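> Whatever this is, show me its structure:
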Amino acid sequence: MTPSTAISQAAKASLVLVFFAFPMSVALANVGLFFTLAFWLFGCVWGTSLRDTRAALSNPVAWPALALFAWIAIAALWSPADGSLIGDALGKYAKFLMLPMFIGLLNDPATRRRCWQGFAVAMLFTLLITWLNVWFDFSWTRTHNQGFGKDHTVFKDRIAQGILMSFFTVMAAFYAMRASSRTGACLAWAVAALAAASLLFLSAGRTGYVSLPIALLAFAMFAVGLQVRKLALALFAVVAVVAIAFTTSSVIQSRTALAWQEITTSTLSGPVTSAGSRVEMIRFTLEEALNDPILGHGTASYPVLAKAYFTDEAWCWVVCVHPHNQFLFFLFEQGMVGLLLFLWFIVAMARHAGRQEAPSRALVMAFVAILVVSNMTHSSFWLSTENHFFILMTALLMAAARPRSPA
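Now for the predicted structure:
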């Protein structure tokens with residue numbers, strides 16, 4: 001093996017570690033990212049890193065990601081935040097800059113397969129512990145609630161686990177459709193069913209309640225295409241699953257009722273609540289965004305201006321960090337320019353997915369659906385686990401994208 005090949009393989013092996021690690025440990029994932037970047041830099045001198053990354057620039061999401069990061073950096077010029085806050089923000093969004101590097105490293109099927117396998121192993125372990133936690137307590141899990149109708153979050157917060165498990169559900173369905181044997185297909189469908197049930201009956205994360213059915217609808221619609229009968233059956237199945245889950249899952253019923261109560265009674269003079277705080281953050285970000293709609297208030301400006309608006313310490317502890325909505329976050333800090341660049345990034349992925357064969361098209365569109373839903377209820381590209389997931393999965397899905405074969 002030549003030194004160039006060894007460096008390339010080391011960088012790719014480090015990236016596989018990242019895919020295995022981030023669903024369970026951000027610290028381990030960051031170690032993997034460090035080695036990925038280090039070996040990539042070595043490859044720029046003694047390997048093919050620069051050539052592979054230049055080739056990745058032709059990918060439809062590469063330039064939207066680079067343009068968005070560039071604008072985030074430029075928007076720091078008029079920010080009222082200090083250097084440390086701006087540096088933190090640039091660090092959080094730096095994976096947009098690294099996206100072409102990831103796509104370049106994922107240019108061969110073997111590496112992509114290992115990354116899928118690494119992510120699948122981590123999610124299978126998470127799913128297993130989620131179900132075992134119904135009966136057994138584990139000292140190292142996030143929650144310690146035995147029994148059904150309770151939250152069983154394992155490694156992350158319930159929002160992150162809900163997002164990742166939603167995608168893992170459609171990922172299992174994708175493999176079931178592509179399985180070469182009936183046994184393999186049945187096993188994959190069983191995993192998909194258990195993953196979906198873990199969200200609907202063993203989680204208190206409302207983001208998962210929304211992202212899962214939307215992802216399943218997107219997957220079903222784009223998997224069957226214009227076949228009306230199959231499409232109708234698929235939509236009926238998804239709606240039936242959601243209806244059954246809502247009528248039988250006590251945790252969904254209680255969490256939905258609580259959210260509605262918090263939304264309808266939200267006021268800054270009352271106690272801070274999860275859904276209520278989102279109402280107040282939407283009001284604040286929209287009002288302030290109108291003061292500078294084109295360029296925004298500058299990168300890292302949200303916590304500075306939010307502290308001046310939310311003067312109650314209990315409220316500010318929840319709402320002064322980020323606005324729990326990535327679309328409004330970009331509008332607030334980077335203005336319409338930043339928001340349009342973010343939309344360009346999403347649309348580029350969706351448009352390219354439309355040129356793929358089913359069920360690959362369905363998997364990408366389900367991922368896009370999860371991305372949109374989660375970023376409407378959370379600042380996913382600002383938060384570590386969700387940032388890892390959305391950037392890395394974008395790279396993995398888009399690196400494998402190939403034009404549809406001509407008829």
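> so how far is the least confident helix or strand in the chain by mean pLDDT off the chain centroid?
Using mean pLDDT, DSSP states H and E, the weakest-scoring helix or strand in the chain turns out to be helix 228-248, at a mean of 81. Centroid separation for helix 228-248 versus its chain: 24 Å, with C-alpha atoms, centre = their mean, to the nearest Å.
> which helices and strands sit right next to that helix?
helix 182-201, helix 206-224, helix 250-264 (3 or more C-beta pairs under 8 Å, 6 or more residues apart in numbering; DSSP states H and E). C-beta coordinates here come from the backbone N, C-alpha and C atoms, glycine included.
> Ok, which of the ones you listed comes nearest Val61?
Closest to Val61 of those is helix 206-224 (C-beta to C-beta; 17.9 Å).
> Ala234: neighbouring residues, count only.
Other residues within reach of Ala234 by the criterion other C-beta atoms under 10 Å amount to 18.
> Would you mind measuring from it to Phe96?
Look at Ala234 and Phe96: by C-beta to C-beta, to the nearest Å, they are 34 Å apart.
> Return the most buried member of the helices and strands packed on helix 228-248.
Of the helices and strands packed on helix 228-248, the one with the most neighbours on average (mean count of other C-beta atoms under 10 Å) is helix 206-224, at a mean of 23.
> what angle sits between that one and helix 228-248?
160 degrees (axes from the mean of the first three to the mean of the last three C-alpha atoms, to 10 degrees).
> How far does helix 206-224 sit from its chain's centre?
With C-alpha atoms, centre = their mean, you get 14 Å for helix 206-224.
> for that helix, packing partners?
Secondary elements touching helix 206-224 (3+ C-beta pairs under 8 Å, 6+ apart): helix 158-178, helix 182-201, helix 228-248, helix 250-264, helix 360-377.
> rewinding a little: can you show me the CA trace of the least confident helix or strand of the chain as CSV?
In CSV, the C-alpha atoms belonging to helix 228-248 read as follows (Å, rounded to 0.1, in the frame of the first residue of the first chain):
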residue,chain,number,x,y,z
VAL,A,228,-52.3,5.8,-8.0
ARG,A,229,-53.4,2.6,-6.4
LYS,A,230,-50.2,1.9,-4.6
LEU,A,231,-49.9,5.6,-3.6
ALA,A,232,-53.4,5.5,-2.1
LEU,A,233,-52.6,2.3,-0.2
ALA,A,234,-49.4,3.7,1.1
LEU,A,235,-51.0,6.9,2.3
PHE,A,236,-53.8,5.0,3.9
ALA,A,237,-51.3,2.8,5.7
VAL,A,238,-49.4,5.8,7.1
VAL,A,239,-52.5,7.6,8.2
ALA,A,240,-53.8,4.5,9.8
VAL,A,241,-50.6,4.0,11.8
VAL,A,242,-50.7,7.6,13.0
ALA,A,243,-54.4,7.3,13.9
ILE,A,244,-53.9,4.1,15.8
ALA,A,245,-50.8,5.5,17.6
PHE,A,246,-52.6,8.6,18.6
THR,A,247,-55.6,6.8,20.0
THR,A,248,-53.6,4.1,21.9
